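Chemist: after the sequence you'll find the predicted model.
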Amino acid sequence: MDLMLNKKIIAITGPSKGMGDAITRAFAVEGARLALLARDIEAVSVLEKELRDQGIDVVLVACDITKSDQCEQAVARIRETFGDVPDVLVNVAGGSGPVGKSGADTTFEEFEEIVRLNMSGCFNTMRAVMPGMMARRSGKIVNVGGTFGMRGKAGRMAYSASKWGLRGITKSMALEAGPYNININIVAPGMVDGQRFRTKVCPDMAARLGISEEEAAQRHAEDYALQRISTAQDIADACLFMASDRSRQITGADLPVDGGWAAL
């Protein structure tokens, strides 16, 4: 299926780690022009060079998404480079916040930090691209949320709150942007197989329950209807769909990519 993303301008935050890397590469395969927004540009420079060597039209833009002025400057840089504002904004950048802490034990500083990154960061980038998309009367925004923003999670209150808040931003702005032919949606990953899952989540469960790490991975998989853990490519494929015109009649939606946990 042709997703018609060739030569589209795709701005991606958090482009180089885990899901971000998979999402970036997925859009590169589609022939998109890529604007990679990152606070630590050195960490993304290797990926940028690799993509450039493959013939991908890519620009690396320094941007701390928690700073509204930097987001506006980043969009201006993209317009200068590619001649227009992004056709698609994919908000991947985010954090996990305190893990295993109750709400009562979470400090205000910890709560504020993750809300500022996961909520305010996405708001800043959306606010920066919206005027240009509205003037052009077209655009797609894909926010990467999380299933803990669809169901509560003990010990993850701050993270859960930040992703619930992102849903509110997404749905409200989808209503406002709809008359301008702009779609705004959330892709919500569940547990994703990757470095953190294999080096942190599984070892912690294995140590706590006295089982092997492979048994721990299987126990996690058994939580889901499909009995398997999502991969970063699963998340990337969902982002491609939501960024394409194949999803032209979908807006304000939550798409959980979790093997059947949040929605069942």
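Modeler: Arrived safely.
Chemist: going forward, measure contacts and count neighbours with C-alpha atoms only.
Modeler: Will do.
Chemist: please enumerate the helices of the stretch 51-200 of the chain.
Modeler: Under the criterion DSSP state H, counting those that start in this stretch, the stretch 51-200 of the chain carries helices at the ranges 68-82, 108-115, 121-136, 157-177, 195-196.
Chemist: which of the ones you listed has the lowest average pLDDT?
Modeler: Across the helices of the stretch 51-200 of the chain, helix 195-196 has the smallest mean pLDDT, namely a mean of 85.
Chemist: pLDDT weak spots in the stretch 1-150 of the chain?
Modeler: Scanning the stretch 1-150 of the chain for pLDDT under 70 picks out no residues.
Chemist: okay, the helices of the stretch 51-200 of the chain in TSV with mean neighbour count and distance to Leu60 next?
Modeler: TSV is the format used below for the helices of the stretch 51-200 of the chain (neighbours: other C-alpha atoms under 10 Å; distance: least, C-alpha to C-alpha, whole Å):
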stretch	mean neighbour count	distance to Leu60
helix 68-82	18	9
helix 108-115	16	24
helix 121-136	20	16
helix 157-177	21	25
helix 195-196	12	24
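Chemist: could I get the ones you listed in TSV, plus columns for distance to Asp258?
Modeler: Listed next are those as TSV, based on distance: least, C-alpha to C-alpha, whole Å:
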stretch	distance to Asp258
helix 68-82	30
helix 108-115	22
helix 121-136	22
helix 157-177	15
helix 195-196	16
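Chemist: indicate which one of those helices is closest to Leu264.
Modeler: helix 157-177 (17.9 Å; C-alpha to C-alpha).
Chemist: pull the residues that contact that closest one.
Modeler: 95-98, 101-103, 106, 110-111, 114-115, 118-119, 122-123, 134, 143, 145-146, 148-153, 182-186, 251-254 (C-alpha atoms under 8 Å, 6 or more residues apart in numbering).
Chemist: then stretch 23-37?
Modeler: The contact list for stretch 23-37 (C-alpha under 8 Å, 6+ apart) reads 3-16, 51, 56-63, 74, 78, 232-233, 235-237, 239-240.
Chemist: break this protein down into its domains, please.
Modeler: As given by automatic domain parsing, the domain ranges for the chain are 9-191+232-257, 193-228.
Chemist: which one of these is the most hemmed in?
Modeler: domain 9-191+232-257 (a mean of 20; mean count of other C-alpha atoms under 10 Å).
Chemist: quick one: that domain to chain centroid distance?
Modeler: With C-alpha atoms, centre = their mean, to the nearest Å as the basis, domain 9-191+232-257 stands 4 Å off its chain's centre.
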